[in-house]
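# Next input, structure requested:
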Amino acid sequence: MVKLGYKLMSEEHGPADLVRNARRAEEAGFDFAMLSDHYHPWTDRQGQSPFAWSVLGGIAAATERITVGTGVTALSVRIHPAILAQAAATVADMLPGRFWFGVGTGENLNEHVLGDAWPEHAMRAAMLEEAVEVIRRLWTGELIDHDGDFYRVSRARLYTLPEELPPILIASSGEESARVAGRIGDGLITTAPDRKVLRAYGAKGPKVGQVTVAWAKDEKRARKTALEWWPTAAIPGDNSTELPLPSSFESLAELVTEEALAEQVACGPDPEVHLAKIRPYLEAGFDHVYFHQVGPDQEGFLRFAETELLPRLRGGRGKVRKAA
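Next comes the predicted model:
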């Protein structure tokens, strides 16, 4: 049984809309939702970036069933892990049994804002490991001190803890980070249906993949929407972690063509086009897959998902059908 999810893109939507979209995703039948945790959007056109932890409080009050996770929170320089430990514990208490804490090494786009130097990847990976250790120690409810390579904690104790601690899911884009996720995490998050990454992870827990789509009433409009709102889907390499500003991404986005973007994003109203994007994840062995609908028309996509996409995926019996 594969769980199906919906992406709450804080870069594209304000806080009240994100809360409404979460409620509608629950009504439409999605099993879980992922909320991005950013300081900046990827491009100025996207135009939003509310504080994720405030939005999660609103989602907790507006929903009853759907599981919600951060997708993902950086454990690097912008927010100290002792503060994130408290934030995640509080949200988990408000969403009992239906919150997971998705974490990663972050992007320069969001993490440079306090004036800190942006670390090399190896250092960021080490910071992630130490931060997870700090968070897990604080979640014991004991008074702790920590004097590590990157973080210090002095006589800190968390008093508000959920009955059920949230799992920590680690974002991975390659085999090395997937092995780290298997060693220190409770699950894996990635954006490509890479079997090698899953094998490197090699552990129990949710294996979560993202599919980017642009539903619209016709394919032409969907392709234009994708190019306007999410050209970064076709920007290659490590630019997503290294570029510092939305304007940096906009400069590269000028090189992205509609045709190149359509290869990355499922565009249009045909369910089979969207199913073709999700099937590689199912065949690779992912047990959680979520859809990022690009652009303003979230309600149109949610109706499409409710009436056409989710019923096809679940085959009328709650089980996702793989390609024949």
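# Hmm, Ser36 and Leu18 touching each other?
No. Counting by Cβ atoms under 8 Å, Leu18 stays clear of Ser36, with 9.5 Å between them. For glycine as for every other residue, the C-beta is placed from the backbone atoms N, C-alpha and C.
# Overlap of the contact sets of the two?
Leu8, Ser10 (Cβ atoms under 8 Å, 6 or more residues apart in numbering).
# In the stretch 1-150 of the chain, mark out all the strands, start to finish.
Along the stretch 1-150 of the chain, the stretches classed as strands by DSSP state E, counting those that start in this stretch are 3-8, 32-35, 67-70, 73-74, 99-104, 144-147.
# now the last one, how far from the chain's geometric center?
Okay, so that is strand 144-147. What separates the centre of strand 144-147 from the centre of its chain is 30 Å, taken as Cα atoms, centre = their mean, to the nearest Å.
# Check which residues of it are buried.
Ile144, His146 (16 or more other Cβ atoms under 10 Å).
# Give the pairing partners of that strand; include direction for each.
Partners of strand 144-147 in the sheet, by DSSP bridges, are strand 152-156 (antiparallel).
# beta partners of Met34?
With DSSP bridges as the criterion, Met34 is bridged to Lys7, Gly69.
# hang on, the earlier thing: so can I have TSV of the strands of the stretch 1-150 of the chain showing mean pLDDT and distance to Lys196?
Compiled in TSV, the strands of the stretch 1-150 of the chain are given as follows (pLDDT from 0 to 100; distance: least, Cβ to Cβ, whole Å):
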stretch	mean pLDDT	distance to Lys196
strand 3-8	98	23
strand 32-35	98	23
strand 67-70	98	24
strand 73-74	98	24
strand 99-104	98	19
strand 144-147	98	34
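# Show me the one of those that comes nearest Ala214.
The closest of the strands of the stretch 1-150 of the chain to Ala214 is strand 3-8. By Cβ to Cβ, the value is 12.5 Å.
# residues in contact with the nearest residue to Val68 once chain neighbours are set aside?
What sits nearest to Val68 in space, not counting adjacent residues and going by Cβ to Cβ, 6 or more residues apart in numbering, is Ala33, at 5.1 Å. Each residue near Ala33 by Cβ under 8 Å, 6+ apart is listed here: 5-8, 22, 25-26, 59, 66-69, 290.
# Let me know the closest of the residues you listed to Ala203.
Gly69 (17.5 Å).
# Ignoring the adjacent residues along the chain, who's closest to Gly71?
In this structure, Gly71 finds its nearest non-sequential neighbour in Met34, 3.2 Å apart by Cβ to Cβ, 6+ apart.
# and the one you found, how many neighbours?
Neighbourhood size, Met34 [other Cβ atoms under 10 Å]: 26.
# Could you report the distance from the closest residue to Glu242 other than its chain neighbours to Gly14?
Leaving out its chain neighbours, the residue that sits closest to Glu242 by Cβ to Cβ, 6+ apart is Asn108, at 5.5 Å. Noted for Asn108: a distance of 24 Å to Gly14, by Cβ to Cβ, to the nearest Å.
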